[in-house]
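Asker: Here is my input; please provide its structure:
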Amino acid sequence: MYKEIIVHVDDQETTVALLEDQRVAEVYLERSLSQRLVGNIYKGKVENVLPGMQAAFVDIGLEKNAFLYVEDAIRQDQQKQLGSDKLTISDVVKQGQEIIVQIVKEPIGTKGARVTRNITLPGRNVVLMPTVSYVGISRRIANEGERERLRQLAEEIKPDDMGVIVRTVADGISAEEMAEDIETLVTLWKQIQIKAARTPAPNIIHKDLELIQRILRDLFTEDVDRFLVNSPLTYEKVMEALSFIAPELKNKVSLVREENLLEKYNVRQELTRALERKVWLKCGGYIIIDQMEALTAIDVNTGKYVGSCNLEDTVLKTNLEAAVEIARQIRLRNIGGIIVIDFIDMSQQEHWDQVLQALEEELKHDKMRTNVLGLTQLCLVELTRKKVRQSLKSIMQKDCPYCNGDGKVLSEDTVSLRAYRDILDMAERTQAPAISVTAHPLVAAHLIGSGGSALRALEEETGKQILITGREEMHIEDVEIRTVYDHAEIERLALPVKEGEVYTVKVEEPHMGNPFDGVGRVNGFVIDVEGGGPLVGQEVDVKINRVFRTYARAEVINGKR
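Answerer: Prediction:
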């Protein structure tokens, strides 16, 4: 597999994309106004201890208090001292206590950050765990002989009261390289402890590396073929950092002075598509991805793909292609938590095995820990993926301010019915001769009705003159209803245009009753443009010939503007 890392830096944002065989597999964003928090270490103060939840809230100086589970609150050294395997949150932390914690999960939505007291300090080759006496080896190092060699080295070099995890990139390193990495991290931990002793709570005492440095540490390994950077300053920083951590990789780094580096490698296009709900497959099928706070549901459909042999073959090919694309989308969108996939149902177990194998093989490229749990009784595929940083969707989007994230707004039928009831209610409570109603044109059209029939019925029922105005800029759910006493204002609202006046209107659609004519609007008032049917989408000057209660007729006095 051919791997490339693309780094695009500008004043507002740093974008890093990992390409596998020229397709975007992962994207990392760091904006000047929203820095990453995972990995940062804080001195915090315990605000609340909740025995019923076996958790505590810790003030670390952020907008929302951090959440500390009991499992994350127990340090290994503390557990040995207390001598119990069933410690409660009240046993390990007290309200008002000052503790050192590290963020392991970004604040998401209404939830604060999740923290732990078991600190980890990542290096190039190993991860130091100052509070845990343990040695682990990356599962991606497959050779058992090499795993045992690295384990023995780590046991000999690490401090007795600390633990390490040997990273994938450490495959084949010497004892000297490992010792240098561990020594650097141990020194860093001592500096953090000194700063913590001198710093009041709540306060940050260690900030994790910036995005580019983390990419060099975690992503830029021997199997990456090219590392492209658009910024000369960033290029110099990259080369300087590699001189210390991996000088053998410097020849893979190139400075590419192109402003459109992201466009050249289709990164921006992939980012746009990664925000869409529907993803098309090459075969003509598609998948639907619905992300919720704790669960993501993915649905597979054959779409336009009809196959060439039989139904089972069509379904199998669609599911196999979907499995590969789903694994890529999970990485690209950085979807974490519980993921449920509804593949197209298959009757043969052999076909299910092929699809699950394809999914698992693709997910092996993912550095984030994933676990495919298999099929449920309803033939849904369940898997989990570790959720650490924010998803692409939560970084680049926010809830719609109109629908509050529901994805739906009220229909014009519903809004007009509500407005109708409000008009009746106001008519009973006022002595005013008229009521003004301002709404979106679609709602206004419902209130007026075909040929003004609904408006006439409403005026008969209320005994008032109802003045309805449509305004394109209004939200479809908003309706303004008010009483009108002034006769001049009533006349103006009732007939917003006058015979003989000239207006510039956009012909929005053909007339329903006569397609030769077109329909435009002046402040929401309908203008029937004679002969305007062929001019839909164009702006024209029109002269008002006749004005009626709910519309006016006009003629075109010039062509397209």
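Asker: In the stretch 101-250 of the chain, where is pLDDT below threshold?
Answerer: Flagging of the stretch 101-250 of the chain using pLDDT under 70 yields the residue ranges 109.
Asker: for the residue nearest in space to the middle of the chain, helix, strand, or coil?
Answerer: The chain has Lys393 as the residue nearest its centroid, 1.0 Å off, counting by C-alpha atoms, centre = their mean. The three-state assignment at Lys393 reads helix, by DSSP: H, G, I helix; E, B strand; the rest coil.
Asker: Quick check, it in contact with Gln291.
Answerer: Yes: contact between Lys393 and Gln291 holds when scored by C-beta atoms under 8 Å: they sit 5.8 Å apart. From N, CA and C alone the C-beta is placed, and that goes for glycine too.
Asker: Common neighbours of those two, please.
Answerer: Common neighbours of Lys393 and Gln291 are listed as Arg333 (criterion: C-beta atoms under 8 Å, 6 or more residues apart in numbering).
Asker: coming back round to it: can you check the pLDDT for the residue nearest to the centre of the chain?
Answerer: Looking at Lys393, its pLDDT is 87.
Asker: How much space separates it from Leu281?
Answerer: Using C-beta to C-beta, to the nearest Å, Lys393 is found at 21 Å from Leu281.
Asker: With Ala552 instead?
Answerer: 51 Å.
Asker: quick one: Ala552 is in a helix?
Answerer: No: under three-state DSSP, Ala552 sits outside any helix and is assigned strand.
Asker: that older thread, pull the contacting residues for the residue nearest to the centre of the chain.
Answerer: So Lys393 contacts Leu275, Gln291, Arg333 (C-beta under 8 Å, 6+ apart).
Asker: Just the residues you listed: which are in helices?
Answerer: Among the contacts of Lys393, the members found in helices (DSSP state H) are Arg333.
Asker: Out of the contacts of Lys393, grab the one that's most surrounded.
Answerer: Taking other C-beta atoms under 10 Å as the neighbour criterion, Arg333 ranks highest of these with 21 neighbours.
Asker: And stretch 58-69, what's buried?
Answerer: Of all the residues in stretch 58-69, those buried under the rule 16 or more other C-beta atoms under 10 Å are Val58, Asp59, Ile60, Leu62, Asn65, Ala66, Phe67, Leu68.
Asker: And that stretch, end to end?
Answerer: End-to-end distance of stretch 58-69: 11 Å, with C-alpha to C-alpha, to the nearest Å as the criterion.
Asker: Quick one: mean pLDDT over it.
Answerer: The average pLDDT within stretch 58-69 is 92.
Asker: Report the distance from it to the chain centre.
Answerer: Centre-to-centre, stretch 58-69 and its host chain are 23 Å apart (C-alpha atoms, centre = their mean, to the nearest Å).
Asker: what's near enough to touch Ala66?
Answerer: Tyr42, Gly44, Phe57, Val58, Asp59, Ile60, Val101, Ile103, Gly112, Ala113, Arg114, Val115.
Asker: The fifth one: what's it in contact with?
Answerer: To tie it back to what came earlier, the one meant is Asp59. When contacts are counted by C-beta under 8 Å, 6+ apart, Asp59 touches Gly44, Lys45, Val46, Glu47, Asn65, Ala66, Ala201, Pro202.
Asker: Quickly find the element holding the closest residue in space to Leu249 that isn't next to it in sequence.
Answerer: Distances taken as C-beta to C-beta, 6 or more residues apart in numbering place Leu242 nearest to Leu249, at 5.6 Å, with adjacent residues excluded. Element membership of Leu242 [criterion: DSSP states H and E] is helix 232-245.
Asker: Show me which residues of that helix are buried.
Answerer: Buried positions in helix 232-245, judged by neighbour count with 16+ other C-beta under 10 Å: Thr234, Tyr235, Lys237, Val238, Ala241, Leu242, Ile245.
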